[in-house]
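Trainee: Mind folding the following:
(chains A, B, C and D)
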Number of protein chains: 2
Amino acid sequence: MVVLRRTVPATGSQVHTRKNWIDPNTSMTADKPRARLTLNDVARGCGVSRATVSLVLRGSPLVHAETRARVEAEIRRVGYIYNRAAANLRAQSSSSVALVVNDLSNPYFAEFAAGVDEALAAIGFVTLLGSTGESVQRQQAVLASLVEHAPAGIILSPAEGSDGASVARAVGPHVPVLVFNRELDGAWDYLVMDNRTGARLATEHLIGLGHRRIAFYGGHRDSSSCRERRDGYLQALAVAGLEAAPRWRIETAPTRLEAARQVGALLATEPVPTAAVCYNDAVALGLQLGLVARGRQAGVDFAVVGFDDIPEAAMSVPPLTTVATAPRARGRQAAERILARMRDPSIAIARQTIPVQLIARESSCPPPDASGNRRHE
Amino acid sequence: MVVLRRTVPATGSQVHTRKNWIDPNTSMTADKPRARLTLNDVARGCGVSRATVSLVLRGSPLVHAETRARVEAEIRRVGYIYNRAAANLRAQSSSSVALVVNDLSNPYFAEFAAGVDEALAAIGFVTLLGSTGESVQRQQAVLASLVEHAPAGIILSPAEGSDGASVARAVGPHVPVLVFNRELDGAWDYLVMDNRTGARLATEHLIGLGHRRIAFYGGHRDSSSCRERRDGYLQALAVAGLEAAPRWRIETAPTRLEAARQVGALLATEPVPTAAVCYNDAVALGLQLGLVARGRQAGVDFAVVGFDDIPEAAMSVPPLTTVATAPRARGRQAAERILARMRDPSIAIARQTIPVQLIARESSCPPPDASGNRRHE
DNA sequence: CTGAAAGCGCTTACAG
DNA sequence: CTGAAAGCGCTTACAG
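Mentor: Model (predicted):
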């Protein structure tokens, strides 16, 4: 949606305005050029035309080596700074990609953002950041604002409850969008992890250790990633012929704190499970804390498996068995995909699935009543 | 430094290029406009001049209410998207701020970034993200790239070993810079936390609990924030007349893993300290883990205090006593400062100090031999 | 209150 | 190999 009555920041016109007064704080005014230098200044400074400087800047082979050297020296001498916005406007190009996440303070998204930025920086692109805090309204505002900066594409992790049509309206028909991490109604280019397989692997791992009563812990029913992970869990149980009691599926907000609070509900089920596949690592770490508070211990008398492999997973006590998705590499992959679609807008939208891998650590022990290979520190 | 021979992304000119072929994937071509709409299209669509549409867009009171309504309806109808880059070029203004951090996957910086973005988004500005991974070379490249996008300002957490003159050269004289978190040689606008006071409070807290042998654990000598915190620690010891043994100052990389690895060195000192002020929370959490691995426990037989109050601090076992600096609020403050300097470039540079607050939790127990108020769960 | 015109800093055919 | 000219999508005095 176009934001109407948009007011330019009250004093916007003062930014970068050429100053013709003398800065009272600076006595040495000579070495602080009063105005931002342009191609014209450089051209005049070394006696060539603006076009030639432009060609030099962009590495064209049309320019004589001597001329090029002269221009480059002048550019360095005066400290000229290229105005990419102007260049993009003229060339109808873009050198930015927008990244919209729901929660940057989630280390998983932070890693993902670092991966995106890494891949973009490598080709001189810039990341435009947007953060929605899981609010659909803020998401609309953020998208509307970002799209006005004409990014080459948008990488979007939709806020919960997002409406595909609204997103499409905010973005318009010209900017390729890559949806990651969550489903969004409508036809979109997707980058999603293989939630089903990941949860299936986690569950099979626990079954292989001897567990027969396995819970699915945490996450919200209306989150598509949670549904998919639960499906993978149910599938593994079905194949093994194990019971999938609905009372063993505990919903929580996907945070450590909420997960720690709900452990009572998990342990109150009858019979009590001996293991849990968790919606994600945050929930799994919360579960570990909640167990300690109730005199039990993950990796000793209760098996816990997470999902995501956030950095804390390896460092927790005990280290958390989890399903790795390499968020940083995924961020790079997302950036590559957007750049590919920018280069060739006729590429058909698709669903890319991230392979997923089980990382076995100490938190997934055999059940207490199982014989044999119990791990000790 | 200006990057020479900069090549525009190979197919850059294809982005946003007006297409006059029919998308083979779309049968419904009518509802997908072939070209990005401009003010001209809107003006023609409702029979006014481009100037009038521009005035409407920017909420000018000069436009007749009826005309305004007609224009707004047309804007909505055709899904016009404002081109802020063009507007900024013409008006010599900017609607972005660059944020350069060394490590986005550090939750402290992620929170800070979220705060910056929050404050900027509130006034329709956009955050340009840059990540240096503590590399001075990447920092130069990132700054050179960002400054070409003409941000209204740059918020920079310098990579370790940064050279102020190089930074100044990369940024040029026109963009206000706010340095946060670390010192940088030269005269800069600063936003730094009160490291000395924070570490002093932490140390006084331990002294108040009865500790007499207090270590300073973790961090690197060449980091200015580490030096300041160590100074605060030394100052508190001096005031209390306690010994400040150099062997009780253990250097580590400021990470959880490194801190956990060095615990042996701490416990090997003679006499062994009963408490430690840590460089930051990551180090403190690592120390807690390392203690457990050696049969000791923070909050029971060893007191630990961190610095930063990262989200994990409250959730660790035991919860970590630490010094809070509210990174999200600091991010907002950094954004406000940059915007203020943008509005009035004649504001003198200054050093803003963030107040700091001790958060007492379970990890800071009295010394084992002290009588009395030992905490129990 | 609205329109015609100039120009922000670039790029890009097109001549020469 | 280099220069003059048009134009990207806007804003902003300036007339009317």
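Trainee: per-residue confidence for the closest residue to A:Asn83 other than its chain neighbours?
Mentor: With sequence-adjacent residues excluded and distances taken as Cβ to Cβ, 6 or more residues apart in numbering or on different chains, A:Asn83 is closest to B:Ala150, at 6.3 Å. The way it works is simple: take the backbone N, C-alpha and C, and place the C-beta from them, glycine included. pLDDT, B:Ala150: 94.
Trainee: ok, B:Ala150 to DNA strand C distance?
Mentor: 9 Å (Cβ to the nearest atom of the strand, to the nearest Å).
Trainee: What count of nearby residues applies to that residue?
Mentor: Per other Cβ atoms under 10 Å in any protein chain shown, the neighbour tally for B:Ala150 reads 27.
Trainee: from memory it sits against A:Ala87, does it?
Mentor: No - at 11.2 Å, B:Ala150 does not count as touching A:Ala87 under the criterion of Cβ atoms under 8 Å.
Trainee: Now A:Val167: which helix or strand?
Mentor: Using DSSP states H and E, A:Val167 sits in helix A:164-171.
Trainee: gap between that helix and the chain center?
Mentor: 20 Å (Cα atoms, centre = their mean, to the nearest Å).
Trainee: and it, what other elements does it pack with?
Mentor: helix A:136-147 (3 or more Cβ pairs under 8 Å, 6 or more residues apart in numbering or on different chains; DSSP states H and E).
Trainee: Quick one: mean pLDDT over the helix holding A:Val167.
Mentor: Here the average pLDDT along helix A:164-171 is 95.
Trainee: That helix to helix A:136-147, inter-axis angle?
Mentor: 30 degrees (axes from the mean of the first three to the mean of the last three Cα atoms, to 10 degrees).
Trainee: ok, the residue of chain A most remote from its centre to chain B distance?
Mentor: Here chain A reaches farthest from its C-alpha mean at A:Gly47, the gap being 47.8 Å by Cα atoms, centre = their mean. Using Cβ to the nearest Cβ, to the nearest Å, A:Gly47 is found at 19 Å from chain B.
Trainee: What is the end-to-end distance of stretch A:141-156?
Mentor: 14 Å (Cα to Cα, to the nearest Å).
Trainee: again but with stretch A:43-53, I slipped
Mentor: 6 Å.
Trainee: Can you tell me the SS state at the residue nearest to A:Asn83?
Mentor: Counting by DSSP: H, G, I helix; E, B strand; the rest coil, the backbone at B:Ala150 sits in coil.
Trainee: residues in contact with the spatially closest residue to A:Ile347 that is not a sequence neighbour?
Mentor: Leaving aside its chain neighbours, A:Ile347 sits nearest to A:Arg341 (5.3 Å; criterion: Cβ to Cβ, 6+ apart). By Cβ atoms under 8 Å, 6 or more residues apart in numbering or on different chains, A:Arg341 lies in contact with A:153, A:176, A:178, A:189, A:347.
Trainee: Am I right that A:Arg341 falls within a strand?
Mentor: No - secondary structure of A:Arg341 (three-state DSSP): helix, not part of a strand.
Trainee: Please point out which parts of stretch A:266-284 sit buried.
Mentor: A:266-267, A:273-284 (16 or more other Cβ atoms under 10 Å in any protein chain shown).
Trainee: can you pull out the strands in chain A?
Mentor: With strands called from DSSP state E, chain A shows them at A:96-101, A:126-131, A:154-156, A:177-180, A:189-193, A:214-217, A:249-250, A:275-278, A:303-305, A:322-324, A:351-354, A:357-359.
Trainee: Tell me how far the third one lies from the chain's centre.
Mentor: Put plainly, it is strand A:154-156. For strand A:154-156, the distance to the chain centre is 9 Å (Cα atoms, centre = their mean).
Trainee: That strand - contacts with which helices or strands?
Mentor: strand A:96-101, helix A:136-147, strand A:177-180, helix A:327-343.
Trainee: what do you get if the cut-off is 6 Å, keeping everything else the same?
Mentor: strand A:96-101, strand A:177-180 (3 or more Cβ pairs under 6 Å, 6 or more residues apart in numbering or on different chains; DSSP states H and E).
Trainee: Can you tell me which of those strands is most buried?
Mentor: Stretch with highest mean neighbour count among the helices and strands packed on strand A:154-156: strand A:96-101 (a mean of 27; mean count of other Cβ atoms under 10 Å in any protein chain shown).
Trainee: who are the neighbours in contact with the nearest residue to A:Val71 once chain neighbours are set aside?
Mentor: In this structure, A:Val71 finds its nearest non-sequential neighbour in A:Val56, 4.4 Å apart by Cβ to Cβ, 6+ apart. Taking Cβ atoms under 6 Å, 6 or more residues apart in numbering or on different chains, we find A:Val56 in contact with A:63, A:68, A:71.
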